[in-house]
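Participant: Build me a model:
(chains A and B)
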2 protein chains.
Amino acid sequence: MSEPDPDDLEPYRFKCPRALHWHGNRKAAELLAEIPTNLGVDRYGVGGAVEALEDEIRAVLGKPAVVFMPSGTMAQQAALRIHADRRGARAVAFHPTCHLELHEDRAYQRLHGLVGVPIGNARELITLDDLRGVRERLAAVLFELPQREIGGRLPPWADLEEQISFARAQGAAVHLDGARLWECTPYYGRSPAAIAALFDSVYVSLYKGLGGLAGCCLAGEEDVVGEARAWRQRHGGTLFGLWPNAASGLAALRKRLPLMPKYFAHALAIAEALRGLPKVEIVPDPPQTPMMHLHLRVEAKAFRAAARRIAEEQGLFTWAKTVAGDTPSTRVVEFAVGDATLELAPQEVAGIVEQLVS
Amino acid sequence: MSEPDPDDLEPYRFKCPRALHWHGNRKAAELLAEIPTNLGVDRYGVGGAVEALEDEIRAVLGKPAVVFMPSGTMAQQAALRIHADRRGARAVAFHPTCHLELHEDRAYQRLHGLVGVPIGNARELITLDDLRGVRERLAAVLFELPQREIGGRLPPWADLEEQISFARAQGAAVHLDGARLWECTPYYGRSPAAIAALFDSVYVSLYKGLGGLAGCCLAGEEDVVGEARAWRQRHGGTLFGLWPNAASGLAALRKRLPLMPKYFAHALAIAEALRGLPKVEIVPDPPQTPMMHLHLRVEAKAFRAAARRIAEEQGLFTWAKTVAGDTPSTRVVEFAVGDATLELAPQEVAGIVEQLVS
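Facilitator: Numbers count the residues shown, from 1 in each chain, chains lettered A, B, ... in the order given. This next block holds a predicted model:
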């Protein structure tokens, strides 16, 4: 065993009774207590809570078919592979900060022989010109709403429609990384189904904004979803029982989908309270979803010392890690507004952020 | 919705308070109540119950490294792919009834580009001559202990050692499908570690004999297991939280590994009680593990009617499905002796089986 790292904030995560970010750091007993037991168990993904969840997501997304998947990594590889096989093409286009590109160790290449085509500027949204610049036949274009790695930005609705029409006209499928689809609904003023309707296949997460245990759903036409079930088995994702995560996800959907406008309003109020602070930049400003990035003009050491002090003295967990974009003088943190954040008034949040940069 | 199938016994599964097979059909609340909450949660497979489980399995199997995996399908593909990459060979040999061949829709081919080489007779154990007959360079030989699809048979220890030496001498890795490794220990009179010591990599299930929720572990050298962690991520198996299944598996290991001799003794006593029955054949006879196949000389319709009658009148669930080997006049069922079976005396079991064939 190595010595504990004095710079590591992780040990405070479960010690702090309060948190700034997201739904906080819930413990095992609390999470288990939220799993409904009346939905029944599945056998290898058939029946019980899994079926109940798939039925409800089908209604919420307005798609013909839905399959529960253990992870977005599995769901999106399956969707893109299916689109590729149907079109006899291997190239799939996505934003340079796409989850498949940054966080999956090139599994789409290693397991499925797909070729990634990054489009556009890593710090900006995809544009129609970026799509026009592609010089090969694409099996699919993956859109991510919101674009998480740049603070959760959303394109104007008309831009999105135009890009999707263009991709379709080239013969490409359009797939939605809607891990945070729920969070887009207040800004667009549209239902999840109205947004999902633009896409051939839609992946939605059950644990990010919704706060379930883990897992997601993939929605689309019957044939695509049927084939995705086969890929789930092949990936090793059709477990003997999938019901605990499915039941947790269904409870989380029912509890937190209606709260999205509240999270979003709170995010806007927090941005308002932070706006005057020197050394703090909000990206995007104003936020377009209940998430935003904060660019904090503070060096790493001072930031960590402040975060530790806040954890120790106020029992409040802030951030153990920063995200891509750090410079010697700037820390970039992802700030998702959730249940834990709702417990704090915007001015309280501003006070904490002020301590982090001082 | 289609009409309920009158031949479908599944609806009785969770209605019957008792069961003949395995640990019975436990409900959601019961399964959740068995998950220890004091082991902590992991983040993407790091820490908490996942680490606690991996530590304990490392000790039980006496291997340098262990990783928790969501499923055997994922674990075994990872192990074989790693052995193949290291040896610059794509061919992996296994029994014709291997799980990879029968139950994974050729994922090892589709995702990993491996080539399966079935060896030996599907109704018999692998022999040294079968291995000698292979005409290509193998990346790995997969041994399954016990050989599940033929009733849970085990080769004599000396045969196993000889086959493994031969495979190694050809430059192949030796991998153990030890989904039911725990069940082999009474027959061999050897610890899980003593059996695992023969192999380069070992997969053990946490939900079959042990009765956890789902999931398994892969054990081996540090470098192989490290690479398997990478494959777990690539397959989409490194979930945000893996702790519920890991915690359940650890509790199940502690509870049921010590019960294996008791399950085995009960299986032997049941075989003894069944042996005199006309129309009933035990495979293997005597059983070598707490599982066996029963070949029941009864037509499908009569079998299902009897199973339904037993479910309705005695509240006892027997079998909803048969396994490979059925003929017009014979039903083959897999019989795993577990907690539910322990509630029934051998003569009671014989009485129930007699009703199934009459």
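Participant: use CA for all of it now, contacts and neighbours both
Facilitator: Noted.
Participant: Could you tell me which residues of chain A lie near chain B?
Facilitator: For chain A, the residues in contact with chain B (CA under 8 Å from any CA of the partner chain) are A:27-29, A:32, A:37-38, A:40-41, A:70-74, A:104-107, A:111-112, A:213-215, A:230, A:233-237, A:239-241.
Participant: Quick one, which of these are buried?
Facilitator: Among these, those buried by neighbour count (16 or more other CA atoms under 10 Å in any protein chain shown) are A:28, A:32, A:37, A:40-41, A:70-74, A:104, A:106-107, A:111-112, A:213-215, A:230, A:233-237, A:239-241.
Participant: now, which of the residues of chain A next to chain B lie within helices?
Facilitator: Among the residues of chain A next to chain B, DSSP state H puts A:28-29, A:32, A:72-74, A:107, A:230, A:233-235 in helices.
Participant: Closest one to residue A:263 out of the residues you listed, please.
Facilitator: residue A:72 (23.1 Å; CA to CA).
Participant: That closest one and residue A:208 touch, don't they?
Facilitator: No - Residue A:72 lies out of contact with residue A:208 (CA atoms under 8 Å); the separation is 10.9 Å.
Participant: which residues are in contact with both of these two?
Facilitator: residue A:179 (CA atoms under 8 Å, 6 or more residues apart in numbering or on different chains).
Participant: tell me which element residue A:174 falls in.
Facilitator: Using DSSP states H and E, residue A:174 maps to strand A:173-178.
Participant: The following helix or strand past that strand to strand A:173-178, inter-axis angle?
Facilitator: Counting by DSSP H and E, the element after strand A:173-178 in chain order, helix or strand, is helix A:181-188. Relative orientation of helix A:181-188 versus strand A:173-178 (axes from the mean of the first three to the mean of the last three CA atoms, to 10 degrees): 90 degrees.
Participant: then helix A:181-188 to PDB, C-alphas only?
Facilitator: This file holds the C-alpha atoms of helix A:181-188, laid out as PDB (Å, rounded to 0.1, in the frame of the first residue of the first chain):
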ATOM      1  CA  LEU A 181     -31.100  14.400 -23.000                       C
ATOM      2  CA  TRP A 182     -33.400  15.100 -20.000                       C
ATOM      3  CA  GLU A 183     -31.300  18.100 -19.200                       C
ATOM      4  CA  CYS A 184     -32.000  19.700 -22.600                       C
ATOM      5  CA  THR A 185     -35.700  19.800 -22.300                       C
ATOM      6  CA  PRO A 186     -36.100  23.100 -20.500                       C
ATOM      7  CA  TYR A 187     -33.900  25.100 -22.800                       C
ATOM      8  CA  TYR A 188     -35.400  23.700 -26.000                       C
END
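Participant: in it, what's buried?
Facilitator: The neighbour-count check on helix A:181-188 (16+ other CA under 10 Å) flags A:181-186, A:188 as buried.
Participant: What of stretch A:155-162?
Facilitator: Neighbour counts over stretch A:155-162 (16+ other CA under 10 Å) mark A:155, A:160 as buried.
Participant: Check stretch A:246-253 too.
Facilitator: So for stretch A:246-253, counting by 16+ other CA under 10 Å, buried means A:246-253.
Participant: same question, stretch A:14-34
Facilitator: For stretch A:14-34, burial by neighbour count (16+ other CA under 10 Å) applies to A:14, A:16-25, A:28, A:31-32.
Participant: Do a quick rundown of the helices in the stretch 201-350 of chain A.
Facilitator: Ranges of helices in the stretch 201-350 of chain A, per DSSP state H, counting those that start in this stretch, are A:222-235, A:243-256, A:260-274, A:300-314, A:339-342, A:346-357.
Participant: Need the winner for burial among those.
Facilitator: Using mean count of other CA atoms under 10 Å in any protein chain shown, the stretch among these with the largest mean neighbour count is helix A:243-256, at a mean of 24.
Participant: quick one: contacts of that helix?
Facilitator: With CA under 8 Å, 6+ apart as the test, helix A:243-256 has contacts from A:34-37, A:39-42, A:45, A:48-50, A:52-53, A:56, A:68, A:206-207, A:209-216.
Participant: Buried ones among the residues you listed?
Facilitator: Those of the contacts of helix A:243-256 that meet the buried threshold are A:35-37, A:39-42, A:45, A:48-50, A:52-53, A:68, A:206-207, A:209-216, by 16+ other CA under 10 Å.
Participant: Which ones among these map onto strands?
Facilitator: The members of those that map onto strands under DSSP state E are A:68, A:216.
Participant: For residue A:306, which residues are in contact?
Facilitator: If you count contacts by CA under 8 Å, 6+ apart, residue A:306 has them with A:355-358.
Participant: Could you rerun that using 7 Å?
Facilitator: Contact partners of residue A:306, counting by CA atoms under 7 Å, 6 or more residues apart in numbering or on different chains, are A:355-356.
Participant: Same question for the one 4 residues further on.
Facilitator: Contact partners of residue A:310, counting by CA under 7 Å, 6+ apart, are residue A:316.
Participant: what pLDDT does it get?
Facilitator: Note for residue A:310: predicted pLDDT of 97.
Participant: repeat for residue A:178
Facilitator: Residue A:178 carries a pLDDT score of 98 in this model.
Participant: Same check on residue A:344?
Facilitator: The score at residue A:344 is 98. That number is its pLDDT.
Participant: mind checking the backbone torsions on the nearest residue to it once chain neighbours are set aside?
Facilitator: Distances taken as CA to CA, 6 or more residues apart in numbering or on different chains place residue A:20 nearest to residue A:344, at 7.7 Å, with adjacent residues excluded. Per-residue torsions, residue A:20: phi -90, psi -40 (degrees, to the nearest 10).
Participant: Right, I'll leave it there.
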